[in-house]
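*Asks:* sequence below, structure please.
(chains A, B, C and D)
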Number of protein chains: 2
Amino acid sequence: MVKERVTVIDIARAAGVSKSTVSLVLQGSSLVNEATRAKVNATIRDLGYVYNRSAANLRQAKSKIIGIVVNDLTNSFFAELAVGVDAVVQSAGFVQFLANTGEKIERQREVVASMREHGVSGLIVSPARGTEAADLAPLVASGIPVVLVVRDIAGAHVSSLTSDNHAGAMAAVRHLIERGHQRIAFLGGFPDTAVFEARMRGYRDALIEAGIPVSDALIIGSAPSRAGGVTAVEQAMMLADRPTAALCFNDAVAFGVCDGLRARRLEPGADFAVIGFDDVIEAKTAVPALTTVSVDPQGMGQRAAELLLKQIKAGKAEPEAIVGSVRLVVRQSCGAAVERKREALA
Amino acid sequence: MVKERVTVIDIARAAGVSKSTVSLVLQGSSLVNEATRAKVNATIRDLGYVYNRSAANLRQAKSKIIGIVVNDLTNSFFAELAVGVDAVVQSAGFVQFLANTGEKIERQREVVASMREHGVSGLIVSPARGTEAADLAPLVASGIPVVLVVRDIAGAHVSSLTSDNHAGAMAAVRHLIERGHQRIAFLGGFPDTAVFEARMRGYRDALIEAGIPVSDALIIGSAPSRAGGVTAVEQAMMLADRPTAALCFNDAVAFGVCDGLRARRLEPGADFAVIGFDDVIEAKTAVPALTTVSVDPQGMGQRAAELLLKQIKAGKAEPEAIVGSVRLVVRQSCGAAVERKREALA
DNA sequence: TTTCATAATTGGAACGTTCCAATTTCGTCA
DNA sequence: TGACGAAATTGGAACGTTCCAATTATGAAA
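*Replies:* Model (predicted):
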């Protein structure tokens, strides 16, 4: 079954033209006669020719591959992000090289190096925790367009696409305050990340704005996962002066918080208000449906891809920092529905 | 910023050796003198040389890339599968090309073609719904090792790694029967897939074995997602003779079923027994923790990768069909914990 | 028919690596 | 000192494509 490779020369011979003509056909050039094109295409099909992109890349030094590296593929936020990127990238005739770093800097280094070796023409990176500008320096110096998503890195001289974490968190907390909550916790997330920092600042600022004292005891970090949410809410409920509501670092944490509440026979939404962050697809269908700050991961992936493609096309990478707007989508987990029901009864 | 490419020849010149020697160093050959190696490596670092894999692939026609194509990356089962593959593949010095088909055959065709053009040395495929043996024929004919995961395809002459869906479903339903359930539903999944077919057969066989009549009304298909689970359980609860337990097509459906139950003020585990399938990471931390048939997606990805690497190394693809064993992990959603608590009180 | 522009086609030289066969260098032993 | 095997190094020919400059075919105008 191991056949000899069919090359452009074999096609040329079989079709009675030169290899140059075959190459022209392959590239869809308008220079070639319609009849010739048809004949060549037929031969290509007949011989089962497979285009050799390595050879093409070697000659023309631009590859139609774009790389995307994410820090945690098992988090559906990033999976959706990747899907968004893929959609755009692929309809532009590029193909996606996806790698998962699992938050490990070392792995990230390897993966980025490997992508460079394969000649990617651009890179979308959601950097692993603790990535520094220096880590990206050689990449940037090589002139390959890079778009940072989700997490920005100070001093890296590349484009970035983040979301307005501060405004989102403020909106969420304001909403909670409007509903009458005073003891509001901030649950989950690694405190040493810029995203945590921004969301937490938004949380504090909203409290300050409303004249509510900020208590550090109510800010409880954890892994940004469902399991992390469970432990964070457990810790929160051991406090002497328990919170009645929480803004969570992300949706995964929020789901965990709901789980943890139920484990203590508290119904999220009715007995305790929960707001998430990201608006993962599941947020809509969960019960209670999750009130959350919508970041739209797929849309973000698409925008990142478009930004990157633009830079690739332009040739030079003029760094721009886009911060996407964000909106609070009110569903049930913050108690809005319950209250509405009460109002209807009154 | 756009530099001239540094090549092996530049290195050779700068280090005062020949390009062949540099190539030898690059490949870690033992033929080269230690001092020379050090000098060359230093030069490589100094000049910021980046290896050009396209050129290498062109010459040696084997690529160190393995491709993985999945049908739905937003389903965490497949995301975890990909992570499992990545771990193995990467430690073998390969790099992973991941593509998502979103269950679209056409997209799958494109993606596979693109991977061939890039010269992948093997492919792990979780085929899109409706994929036929004929779709894979050209790929197989080309002699590239292929491993099918999750879904097998009859007549495709390639290796496959599936799980024992029939046995898993039987074990789950037997467990439900032991707990005293008689009206047991099978919820979710697309009925036209082989996986659905196998799980559903296991469900039926367990009922028959116990002398419980099988009712088609209790077998309710849906999208294999959380949202699908919600609609499926809604439909089930409209039946005149309601079920008291359900085996779900997968964990995503099972979570949806829990959501749907709660929407009707029914507590999963206590009021209605739910069993999932797959054992996604979330299953453990959810509340109630999900009783489920463990398929271990990451492990599956690893095994698939190992199988593929073995075939790549062996050179020829001797197709083998592995069906992984599967075990029921009993947690809370099937009511086991509740019952145990009652027993303790008695 | 010749002439010329335009449309099609073409051979050969790259691209950056690996591999092969050949050569040089080195150390050891007679 | 010379000879010899092993160790280390080397030049050149691939690999399959694209690009360039050059050539040939076509058809319209003179």
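*Asks:* quick one: low-confidence parts of chain A?
*Replies:* Scanning chain A with the threshold set as pLDDT under 70 gives A:1-3, A:316-317, A:337-346.
*Asks:* quick one, strands of it?
*Replies:* Taking DSSP state E as the criterion, chain A contains strands spanning A:65-70, A:95-100, A:122-125, A:146-149, A:159-163, A:184-187, A:219-220, A:245-248, A:273-278, A:291-294, A:321-324, A:327-329.
*Asks:* closest to chain B out of those strands?
*Replies:* Set against chain B and scored by C-beta to the nearest C-beta, the strands of chain A come closest in strand A:95-100, at 4.0 Å. (Glycine included, C-beta is placed from N, CA and C.)
*Asks:* contacts for the closest one, please.
*Replies:* With contacts defined as C-beta atoms under 8 Å, 6 or more residues apart in numbering or on different chains, strand A:95-100 is touched by A:64-73, A:82, A:85-86, A:89-90, A:111, A:114-115, A:118, A:120, B:82-83, B:86, B:95-99, B:111, B:114, B:118.
*Asks:* mind giving me the PyMOL select for those, buried ones only?
*Replies:* Buried members of the contacts of strand A:95-100, defined by 16 or more other C-beta atoms under 10 Å in any protein chain shown, are picked up in PyMOL with:
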select buried, (chain A and resi 64+65+66+67+68+69+70+71+72+73+82+85+86+89+90+111+114+115+118+120) or (chain B and resi 82+83+86+95+96+97+98+99+111+114+118)
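*Asks:* what is the neighbour count of A:R151?
*Replies:* For A:R151, the count of nearby residues is 17 (other C-beta atoms under 10 Å in any protein chain shown).
*Asks:* in this structure it contacts A:A194, no?
*Replies:* Yes: using C-beta atoms under 8 Å, A:R151 makes contact with A:A194 at a distance of 6.0 Å.
*Asks:* quick revisit: can you say which of the strands of chain A is nearest to B:T131?
*Replies:* strand A:95-100 (19.9 Å; C-beta to C-beta).
*Asks:* how far off centre is that closest one?
*Replies:* 13 Å (C-alpha atoms, centre = their mean, to the nearest Å).
*Asks:* next, the angle strand B:65-70 makes with that strand.
*Replies:* Counting by axes from the mean of the first three to the mean of the last three C-alpha atoms, to 10 degrees, strand A:95-100 points 90 degrees away from the direction of strand B:65-70.
*Asks:* now do the buried residues in the longest helix along chain A.
*Replies:* Longest helix of chain A, by residue count under DSSP state H: helix A:297-314. Across helix A:297-314, burial judged by 16+ other C-beta under 10 Å covers A:297-298, A:300-312.
*Asks:* and chain B, is it touching that?
*Replies:* No: judged by C-beta under 8 Å from any C-beta of the partner chain, helix A:297-314 stays clear of chain B, getting no closer than 8.7 Å.
*Asks:* which elements pack onto that helix?
*Replies:* Judged by 3 or more C-beta pairs under 8 Å, 6 or more residues apart in numbering or on different chains; DSSP states H and E, helix A:297-314 is in contact with strand A:65-70, helix A:76-91, strand A:122-125, strand A:146-149, strand A:159-163, strand A:321-324.
*Asks:* now do it: distance to the chain's middle.
*Replies:* 12 Å.
*Asks:* give me the angle between that helix and strand A:65-70.
*Replies:* Using the same axes, to 10 degrees, the inter-axis angle of helix A:297-314 relative to strand A:65-70 is 140 degrees.
*Asks:* bridge partners for the residue in the stretch 151-300 of chain A positioned nearest to DNA strand D, pull those for me.
*Replies:* Closest contact between the stretch 151-300 of chain A and DNA strand D, by C-beta to the nearest atom of the strand, is at A:S159 (26.6 Å). Listed by DSSP bridges, the beta-bridge partners for A:S159 are A:V147.
*Asks:* gap between it and B:Q298?
*Replies:* Using C-beta to C-beta, to the nearest Å, A:S159 is found at 33 Å from B:Q298.
*Asks:* residues contacting whatever residue of the stretch 101-250 of chain A ends up closest to DNA strand C?
*Replies:* Proximity to DNA strand C, evaluated over the stretch 101-250 of chain A using C-beta to the nearest atom of the strand, is greatest for A:E117 at 8.7 Å. Contact analysis of A:E117 by C-beta under 8 Å, 6+ apart lists B:V50, B:Y51, B:N52, B:R53.
*Asks:* which among those residues are in contact with chain A?
*Replies:* B:V50, B:Y51, B:N52, B:R53.
*Asks:* how many neighbours does the third one have?
*Replies:* This means B:N52. Neighbourhood size, B:N52 [other C-beta under 10 Å]: 21.
*Asks:* any figure for the gap between the closest residue in space to A:E234 that isn't next to it in sequence and A:T291?
*Replies:* Nearest residue to A:E234, sequence neighbours excluded (C-beta to C-beta, 6 or more residues apart in numbering or on different chains): A:G260, at 5.6 Å. The gap separating A:G260 from A:T291 is 17 Å, by C-beta to C-beta.
*Asks:* show me where the stretch 101-250 of chain A has its helices.
*Replies:* In the stretch 101-250 of chain A, the helices defined using DSSP state H, counting those that start in this stretch lie at A:105-117, A:133-141, A:165-178, A:194-209, A:226-237.
*Asks:* determine how far the last residue of stretch A:145-152 lies from the first.
*Replies:* 15 Å (C-alpha to C-alpha, to the nearest Å).
*Asks:* same check, this time on stretch A:274-288
*Replies:* 10 Å.
*Asks:* buried residues, that stretch. List them.
*Replies:* Across stretch A:274-288, burial judged by 16+ other C-beta under 10 Å covers A:274-283, A:285-288.
*Asks:* try stretch A:137-153
*Replies:* Buried-residue list, stretch A:137-153, by 16+ other C-beta under 10 Å: A:L139, A:V140, A:I144, A:P145, A:V146, A:V147, A:L148, A:V149, A:V150, A:R151, A:D152, A:I153.
*Asks:* what sits closest to the fourth one if chain neighbours are left out?
*Replies:* The reference is to A:P145. Closest to A:P145 by C-beta to C-beta, 6+ apart is A:Q311, at 3.9 Å.
*Asks:* also the fifth one?
*Replies:* Take A:V146 and drop its neighbours on the chain: the residue closest to it by C-beta to C-beta, 6+ apart is A:V158, 4.3 Å away.
*Asks:* tell me, how many residues neighbour the closest residue to DNA strand D within the stretch 201-346 of chain A?
*Replies:* Distance from DNA strand D to each residue of the stretch 201-346 of chain A (C-beta to the nearest atom of the strand) is smallest for A:G315, at 14.7 Å. For A:G315, the neighbour count with other C-beta under 10 Å is 9.
*Asks:* on that earlier part again, among the contacts of A:E117, which are located in helices?
*Replies:* Of the contacts of A:E117, the ones assigned to helices by DSSP H are B:R53.
*Asks:* from the contacts of A:E117, pick the one nearest A:A321.
*Replies:* For these, the nearest to A:A321 is B:V50 (27.2 Å; C-beta to C-beta).
*Asks:* give me every residue that touches the spatially closest residue to A:A210 that is not a sequence neighbour.
*Replies:* Leaving aside its sequence neighbours, A:A210 sits nearest to A:I177 (C-beta to C-beta, 6+ apart; 5.0 Å). Listed by C-beta under 8 Å, 6+ apart, the contact set of A:I177 reads A:I184, A:A206, A:L207, A:A210, A:I212.
*Asks:* again, but for A:V69
*Replies:* A:V69 neighbours (C-beta under 8 Å, 6+ apart): A:L98, A:A99, A:N100, A:T101, A:Q108, A:V111, A:V112, A:M115, A:L123, A:I124, A:V125, A:S126.
*Asks:* now the closest residue to A:P213 other than its chain neighbours: how far from A:P243?
*Replies:* Spatial nearest neighbour of A:P213, excluding adjacent residues (C-beta to C-beta, 6+ apart): A:L207 at 7.5 Å. Distance, A:L207 to A:P243, by C-beta to C-beta: 12 Å.
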